[in-house]
Structure formats: C-alpha cells, structure tokens
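# Any chance you can model this:
(chains A and B, ligands or ions: 1)
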There are 2 protein chains.
Amino acid sequence: MQGNMMDVPLTLPFILERVRTQYAEREVVSLVVGGRDEAGQPVPQKHRITYGEVADRALRLGAGLQALGLNRGDRVATLAVNSYRHLEAYLGIPSAGFVVHTVNIRLHPEQIAWILNDAGDRVLLVENLFAPLIPALRAACPQLERVFVFGPTPTPIEGAEDYDTWVTSQEPLSRYPQLDEDEAAGMCYTSGTTGNPKGVLYTHRSTILHSLATAHKDALNIGERDSVLPIVPMFHVNAWGIPYTCAMYGAKQVYAGPFTDGPTLARLMQDEEVTLTAGVPTIWMGLLAELDRAKAAGQPYDLHCLQRVLVGGSALPESLIRVFEARHGLHLAQGWGMTETHPLGTVSTMPPGVDERSDEGYTLRAKQGRALPLVFLDLLSEEGERLPHDGKTMGRLITRGPWIAGSYYGGEGQQNFLDLDGELWFDTGDIATLDERGFMHIQDRAKDLIKSGGEWISSVDLENALMAHPAVAQAAVIAMDDPKWDERPLAVITLKPGQTVTHEELRDFLAPKFAKWWLPDATVVAESIPIGATGKFLKRELREQYRGYGSA
Amino acid sequence: MQGNMMDVPLTLPFILERVRTQYAEREVVSLVVGGRDEAGQPVPQKHRITYGEVADRALRLGAGLQALGLNRGDRVATLAVNSYRHLEAYLGIPSAGFVVHTVNIRLHPEQIAWILNDAGDRVLLVENLFAPLIPALRAACPQLERVFVFGPTPTPIEGAEDYDTWVTSQEPLSRYPQLDEDEAAGMCYTSGTTGNPKGVLYTHRSTILHSLATAHKDALNIGERDSVLPIVPMFHVNAWGIPYTCAMYGAKQVYAGPFTDGPTLARLMQDEEVTLTAGVPTIWMGLLAELDRAKAAGQPYDLHCLQRVLVGGSALPESLIRVFEARHGLHLAQGWGMTETHPLGTVSTMPPGVDERSDEGYTLRAKQGRALPLVFLDLLSEEGERLPHDGKTMGRLITRGPWIAGSYYGGEGQQNFLDLDGELWFDTGDIATLDERGFMHIQDRAKDLIKSGGEWISSVDLENALMAHPAVAQAAVIAMDDPKWDERPLAVITLKPGQTVTHEELRDFLAPKFAKWWLPDATVVAESIPIGATGKFLKRELREQYRGYGSA
Ligand SMILES: Nc1ncnc2c1ncn2[C@@H]1O[C@H](COP(=O)(O)O)[C@@H](O)[C@H]1O
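Residues are numbered from 1 along each chain as shown, chains lettered A, B, ... in the order given. You can find the predicted model right below:
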C-alpha cells in the first residue's frame, strides 16, 4: 500500500534556495591570492561575500552553462582551491542540471588530462594559480569547449576566458530544471593508487542525504551558528561534503584557498571565530607546531570558539589526540570515508557514560568511529563469510547505504561490488575490526597488510604507536620479503629535528603494546616519506624500494 | 545521466537494526499503571527496558503479525498511551511490512469505531486502561480480527488476548521483507474539527527523512547522549516523530504513560535527567504551577539537565516563554506542524547574532519558527496569488516537502491540495505571515479568523496578549456576529484563582499593542473553555454558544 506523501525529489536546488532566502545574510570568507611577495610566493588577501550573493552568482553560472548549449547531465570540471567561486560551482552547476566534476590539482598534468577525457568534460573552471596548465590541457583534451579562469591573471591566457566577467554578464537562472533525485550531481575520481583512477558519480539524492546525516551533533555538528573551515580540499571528495552541509544549515564558511601553513590557518581560525575545522592528519602536525611556537613565545592564539577538529583521510594516532587536548585544549575527532562513500561513513563520537578525556575515551577516539545513520558496515573473511563484531576479529570492511557507490563510471572495477543475500555491498579494501557497539577500527589497507606466517599484522597500529615516540616525526611500516615467514614488518621513519633513535630502542618502546611477532624486524631512518596527491603515504613506492631490505 | 549510488531504500528496518545493535544497551523508561489508589485512580510504577530488548520484542511482534496471515500493507491499530510497548509497535509493525495506525484515545468511542472501519484495521492493540471499550469496538468493527491488550487486566476480556503472552511466544522475525520506501509505514487521522476525520499515510521514506531532519541541533536537538520525554501523545501524529528520532540516534526515551500531571512530570524529568521534553501549551501551564509551588516551598526540582522544552500544537504566548525563563531558567522553544506534515514543519531557533533572552529573541521565539530543511513554505492571497514575505502580509500558509501529505486516504479532501506552476502544495488552512529570514508566524486558523469590515483580525495574537494579563488564566477570542462589521471580536476568558478583571481593564491592557479596531468589543468570563481531543480550544463550540452575544 502506497503512502500519501508528496513526491518531492531530494535535489540540490533545495540547498541553493535555502542560502538564497533564509541564510542570505550569512557570510562566506575566503583567502584569495592578493599578489606575490619578493620571493614570488602568493600572498593571502581576505575576501568576504554573503550567501545571498553566492546564490545569485551560482544562478548566473547555471544560466551561463545552459546558454553554452550544454545538455542535461554534461560534466563541468573544476581545478580549483577552496573558495567562494568553487562554492558557486558546487551549487550552480548541479542546480542547472549539469554535473560538477572536481579534479584533484595535485595529480600529474597527464593524469589530469586523462581524467578530463575519461569524464568527457565540456567546460573547465580553473584557478588562476593553475592557469599555466591550460595550454597543455587544451592540447590533450579536444572535447573541452570552454575554459574559464577563477581570478585575475597577469596576461590574458590563450584559449581561456575570465570567469567573473562571463558569470556576471548572465541573467540568473529563473527556473530550475525538473531534476530526478537519482541523476548525477557531482563527480570525483578515486586516487587510483592501483590502476587508472575510477569515476564516481554522486547523485542529488546522495548529496542531500549525506548533508542531512553529517550535520547532526553526533557527526560533524554543523548548524547555523557555526563557522566552519574545511581545510580538506574541495577538489577531493567534495571536501567531505562540508560546503553542502554548511549551506544546507546556514553555517558561515571559511576557506583558506591555497594557504594551508600553520600560521595562516591559526590566524584565520582565531579571526573568523571558527567552531569546526576539518583536514588530514598532516595539516594538524603543521598547526600543532605553530600553536606550540606561539604559546612558547607567550602569544598563544585565541581559539576558544574552536569546538572540534575533524580528522580523516588516514589514521589519527592517539598520541596526537592527547597532545592537542593537553597542550591546547583542542578536541580532535576522527572520521572515516572514501571517494566511494561520498565520503563520510563513520564518525567517532562518545557513547553516553564515556568521558572523552578518559583512557577509554582516548582509545575510542583513536578508532574510526561508528556508522552514520543509513550506513551499514560489515566484515568479511577471505572466504567471503561474515565475521563477528567482537572488536578483535579483522576482516575486509564492506559497506552499504544510500550514499555509497554501487558501481563506477563506465562500469569499471566491478570486482569491488558484491552481492550478499540479494543486497549490494561495496568492498572498501580496508581491513578493520568492528566491536559490539559498532566502533570500527581500521587495521590496514588490504594491500598494505603484512602477512607473516599466514597471520595478519596491521601496519597502521604499528605506525601510530611509533609516532608516539618522542624522536619520531613520521613512520610507515611496510612488508619486506622474508624467506621463512613470507613477509615481515619493516619500519621506515623520519626523525624530529636534532633527535636520534636506534632500532632496539624502538622495539623496546613497542614491546609492551604488541605481540612479539608483530614487532618490526628492522628500522630504516629516511630523509622523508613519499606522499601522494591526497596527502597519504605512498606505501607502494616504499615497498618497491625496500621489499628486499631483509635479504640485503 | 544517472549517478553511481546504490539504490538503498529509506525504510524503517534501518532504525530497528540500529537500536538492536549500536544502541542495544540504551534504556527506555516508562511509567505504567502499577495499581489503583483508594480513590480508584491509577498509580504510576516505573518500568525499565533496553533498546536491545525493545528491538527483540518488536521483531517478535512483526513475526506474530505475519503469522496471523496479514498481507503486506495491512493496517494494525493502536489505542495506547506512551510506553515501551507502543514503541515496539512503532518499530515492529512497519518493519514487518504493515502499517501502524495510531488512534486518538480521546475521541468519542463512536468516532474511534468510525476510524477503525475507515482504515480497515485488522488487528488492534489496546492499552489495558481502555479495555472497557473493547466490546463496543468489537461490535462496531466486524473486520477487526484480533485484539491484544497492553498490560494486565483484572479479569480476562471477552474477544481480547494478552499482548505480552502473544508476543513473547513468537520467534523474532529473521528477515525483513523487501520494502519500498514509498510504501505506507504509519497512519494518523486528522482531528477533523470540520467534517469526518481524514486519514494520512506516512511512508517509510517520509519517516526516515523526518527523523534525520528533526534530530538536528537547529531543530529538536536529539542525540545519543540525550534523555527525551515526549509528553505529546504517541497516538497523535507520532508524538511529533520523537520516538523514531530518538531510536535513530540512540537517545534514551522516557514515557509518562497516562500520568501527565505537573508533579509526576517534574519528578520524572528530575529523576531521569531529561534533556528535552515536548508537549502542547496546556501541559506547561500544569508544570509551571508545580514548579512554582515547589520553589515557594523551598524544595525546587533539580532540572539542570533540561536544555529545551518544545511546545507546539497551538500558539505559545510570549509571556509563558518569559515566565519559564525568568522563574525557572527553562528554555521554551516553539514548533509548528500538523497531522498532514508528519508533523514537524518549522522550529523556532535563533539566527546568529540574536540573543535568545533579548527582546528580539523573545519576539522571535513567540513565532512558530523557520522551515526545516526540505520543507518549503509560502503564502497565498484569497485570490490564489503568492504574497510577499515581509513579516506583515497575512496569507494562507501552503507547504511542500517530502514529508508533507499530497493526498488523503481514499482521495478525501482534494480541495486541500493545489497545483502551482506544476508543483503540488498542501493548503494548511492556517493564516500566517513569513518574514525575510523565513520566520513564520501563525495568525489564525482560516476558519477562526475574525473578518471585521472586510479586514482580518488575528484571534491568536489577541489571545496571547490577553494571557499575559496577571488575572487571566486562559483566553479564546472568537467572532461574534455584527450587523455593521459582519464580525467583531469577543474575548472569552477564565480567571486565575482569586482574581477579577473588567472588560475595560482588559481593553486598556491591550490598547498599546493593537490597532483600535482589533480590540474585543466584549469580554465573557467563563468557568472553563472547552478543549478538544488534541488539547486545543474548541473554538467551534464557543462560536456556536456566543455568536449572538453582541446582539443579546
Ligand atoms: N506552534 C503552533 N502555533 C500555533 N498553531 C499551531 C502550532 N502548532 C500547531 N498549530 C495548529 O495545529 C494545527 C494542526 O493540528 P493537528 O493536525 O491536530 O496537529 C495547525 O494547522 C495549526 O493551526
């Protein structure tokens, strides 16, 4: 029996209308490039605009794209930093019936061109900082019809036009197209550490549901009175959906543009009374150094508004959570997700009765958290059997929900999707445990697991423990080949300035926390650890370099 | 272009699974009838159960209904107070593929029978308190196959069985049916102050979306660490959806059963550390008297956990908001909705920069608030033209959204639904204003508006102002017939104990706040004001009684 409810699709114009009317006065603050210093480095300049103006410009952008003759569902790419212009693209492109395809600016230009071609993008919006890429992209991507540049450039660019001039010359869209909620609204490519990147098309429905679910106080905790600084880039999985969530609820947005150094971020958080910020662990290392410095200099930042620092993208060591809390009273919370999960799947919040600053609290906060509403998580054995949720048994993490991918663009990567009792699940490629209360704890990427004598060793646990050692700056633990055990763990570390440490000291440091057979057999002190386009360690490269280390 | 997201329907088993696993240890506390006192009145007794147990019993209930041979979409009625058993029905009936039809116990038995017949209910779950109704309902509703009684009865009841015995003898449902999100999950009838009550069928989708949207901190603010006491009855529009919202987020639920007197409620809130409670204005009058009494007696209740008191169902006078804040530090917030809106459409929360305890804050809190995400509001003139949102222009309030009814059961009441530019809207029958920031302010029910010389006078505004007078306990303002002006306002009031007031004193009291032609022409002091089944003034009856008062 059907119900009596209206058939109102969940689509992005709803968010755009909300900022255009209810939240028209609320501000969006962006650091943009205001010029260059003596060394030729970009200098930040603050830009303020209201949501009402953003909405107006987004509607002009939508109308402009329609006027170019784009067809429903056509892809429009962005190669841009976090700013109000990127927000206009987030809102205006899908509301006019097109797909906003955010491209990772940290990729190699050839990979960018490959992705633009694969997605079939017809229009490209490029940050002025990356304008030098345009000629090469133009040459490599013949189906690209128009290129518009965000912000001024010293000289006109061959084959590109000024975005502001174009957008402001349009009349605002006067009527939204009739959108279906299952139509594509956004597109992101996976980072593709193995094989070619794969495209994921988010729908209007998944974007609206993700925004509703992540805004809750037991998730990101975003409401109208918040001021939110997403440091996670808007070119990477929709900046964890934060621009949409903030717009839906009228939170002020603060964007750092290309300026992600500790001092600029700390100052911005203080001045804009930021209540929530979000980014990958490496960003917080930089911020910590700056906060420590300022405090030692007797001029600490005033961050009393900052209630929560959301960390995701790779595992967050418990030691870092404790240090932020102890030295600066700042609360780090962890989230987990991936391109295929829109991205938020879990957030670490405390169940009632657990004090966040107790040992149990810190242990739970070092886990990836519990599933958001509407997201299901489960564990599979190598044989495809469901495993117990006991907090101990490791298995392949699978997930299912209305904002989880059920396929890739063009039908790639079928092997990542599986049918269990008639239900579709996505295989995350992560190895995790789940406990009785639903806390999920990532142990490793399946491909980074170390298989010693047929048993699994979690590199992530060892890395987090190593990073708590006072001499260690960064640590990656990888498998090296071993004639007897197949694989054995090798620690690759970088040192903090002026520090030294021996392999034996590190083993002694780890010994109380792990079974003996988990302890690394050797330690390599490296100058640096290679980092990929999304800020994560490139373990694949390390593994190539060091796989023979044991037998050398 | 379709997206790549999984096709995962929004259905109630998701909520049931969440309480069964993630929140299994969280409690549900109910006051049940533990016996009778000397006067034969029910005496409360506290009952505690975990969500895990509720989920288990809900699954047994679902399996039991399937075993009775019910077909997908069949209606199962409840006639019950707020308790864990009613929650089992909320979760178990729709998750097994049936529709939970909550029937208002305050209706006349003949009306109840009419509604059971209209809905075609095959099974009825009745609170033991109302067991005396069973024989008459059995006789009047031949299609009713089985009746189960919640809680013990002194003697077995002809034609009815014990609910607990039946449910606990079932095996839990082992697999949910494949539900479509647009299938009906719940059913409520409108209060039907004009004509027969009309049925509204909520869908799985609307229930899930309503739960997601109302949990947000800028709405009800319900999360895992909350303890929530819905005083609004579960037989009336799903208790504003609170049982579902709490279950989705793992909040503790506290139910007062049939005990809604001030002392019992105050004590329950204190002992169960309630953080949020919700009910109609009349309940809060009762609570206020008890809080005042206890404070004067030097034994105030400890309600420091209580962050918010949600008030809806009829307008909340500003004076009551101020009194609660000033005398007891309690924060009243207003919500608006109706059976056809699931029910929450608006909640009054403060925009940034407005202090809740400033004059502007109190004025805004006396309005009904702003639309929840995904809900659209608009105003129509009598000619069907859209009216400006300027905070002054009154119009018929229309609404549209995924949890707003688009029709009634059986196609009744078509005139309440309208098409505007190809979009379906529901005409609420309320007269309201909307301001630039989206604040909605109910002026009247369309049928209660007073039309004096062709202009509208809002009875609600006058009532709220009258109730701020120290001598006035309750006030209803209605139209009396007038030969010259067609209609003129008449105030019907009840007095506080030991107080008196004259019509002239009341006019002088109102004069600074209203245009002269708005002031009531006469005042009637009554013993009481009739109240209907949903706790609202029965203005229709007053109007019948007093329409000729002016010419008498
Ligand atoms: N906060 C409120 N202020 C004024 N009227 C309200 C409020 N909430 C609900 N109502 C009235 O109650 C009606 C719905 O009644 P019902 O369908 O029985 O819940 C609405 O149409 C309004 O007239």
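# does A:P42 have beta-bridge partners, and which?
Taking DSSP bridges, one obtains A:R36 as the residues bridged to A:P42.
# Got the confidence number for A:G195?
Looking at A:G195, its pLDDT is 69.
# swap in A:W517?
pLDDT, A:W517: 88.
# Disregarding residues adjacent in the polypeptide, which is nearest to it?
Excluding the flanking residues, the one nearest A:W517 by Cβ to Cβ, 6 or more residues apart in numbering or on different chains is A:S452, at 6.4 Å. Every residue, glycine included, has its C-beta placed from N, CA and C.
# how many neighbours does A:D521 have?
16 (other Cβ atoms under 10 Å in any protein chain shown).
# Surely it is in contact with A:W485?
No - here A:D521 does not reach A:W485: they are 9.2 Å apart, not a contact under Cβ atoms under 8 Å.
# mind checking the SS state of the closest residue to A:E273 other than its chain neighbours?
By the measure of Cβ to Cβ, 6+ apart, the closest residue to A:E273 outside its immediate chain neighbours is A:C305, 4.3 Å from it. When classified by DSSP: H, G, I helix; E, B strand; the rest coil, A:C305 comes out as coil.
# Wait, A:C305 touches A:V274, no?
Yes - contact criterion Cβ under 8 Å: A:C305 and A:V274 qualify, at 6.3 Å.
# Tell me the residues that contact both of those two, please.
Common neighbours of A:C305 and A:V274, counting by Cβ atoms under 8 Å, 6 or more residues apart in numbering or on different chains, are A:S227.
# what does the helix or strand containing A:A473 contact?
Using DSSP states H and E, the element containing A:A473 is strand A:472-482. Identification of contacts with strand A:472-482 by Cβ under 8 Å, 6+ apart yields A:448-452, A:459, A:462-463, A:466-467, A:487-496, A:499, A:501, A:506, A:520-522, A:529, A:537, A:539, A:542-543, A:546-551.
# Show me what the least confident helix or strand in chain A by mean pLDDT is packed up against.
In chain A, no helix or strand scores lower on mean pLDDT, DSSP states H and E than strand A:455-457, which sits at a mean of 83. Here strand A:455-457 is seen to pack against strand A:450-452 when contacts are counted using 3 or more Cβ pairs under 8 Å, 6 or more residues apart in numbering or on different chains; DSSP states H and E.
# In chain A, what residue lies closest to the ligand?
Residue nearest to the ligand within chain A (Cβ to the nearest ligand atom): A:N4, separated by 13.9 Å.
# and the closest residue to that residue other than its chain neighbours, how many neighbours?
In this structure, A:N4 finds its nearest non-sequential neighbour in B:L201, 4.5 Å apart by Cβ to Cβ, 6+ apart. By the measure other Cβ under 10 Å, the count of residues near B:L201 is 25.
# I figured B:L201 hits B:V99, correct?
Yes - with contact defined as Cβ under 8 Å, B:L201 counts as touching B:V99 (6.9 Å).
# is it true that the residue nearest to A:N4 lies in a helix?
No - under three-state DSSP, B:L201 sits outside any helix and is assigned strand.
# For it, which residues are in contact?
So B:L201 contacts A:M1, A:Q2, A:G3, A:N4, A:M5, B:V99, B:A184, B:G186, B:M187, B:Y409 (Cβ under 8 Å, 6+ apart).
# would you turn the residues you listed into CSV with pLDDT?
CSV is the format used below for these (pLDDT from 0 to 100):
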residue, pLDDT
A:M1, 92
A:Q2, 94
A:G3, 96
A:N4, 94
A:M5, 97
B:V99, 98
B:A184, 98
B:G186, 98
B:M187, 98
B:Y409, 97
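# Just the buried residues out of those residues, in PyMOL syntax.
Buried residues within the contacts of B:L201, by 16 or more other Cβ atoms under 10 Å in any protein chain shown, are selected in PyMOL with:
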select buried, (chain A and resi 1+3+4+5) or (chain B and resi 99+184+186+187+409)
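# Put together CSV for the contacts of B:L201, with secondary structure on each row.
Output for the contacts of B:L201, formatted as CSV (three-state DSSP):
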residue, secondary structure
A:M1, coil
A:Q2, strand
A:G3, coil
A:N4, coil
A:M5, strand
B:V99, strand
B:A184, strand
B:G186, strand
B:M187, strand
B:Y409, helix
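# would you list the contacts of B:L201 in CSV and tack on distance to A:D226?
Compiled in CSV, the contacts of B:L201 are given as follows (distance: Cβ to Cβ, whole Å):
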residue, distance to A:D226
A:M1, 41
A:Q2, 39
A:G3, 34
A:N4, 36
A:M5, 31
B:V99, 39
B:A184, 37
B:G186, 33
B:M187, 38
B:Y409, 41
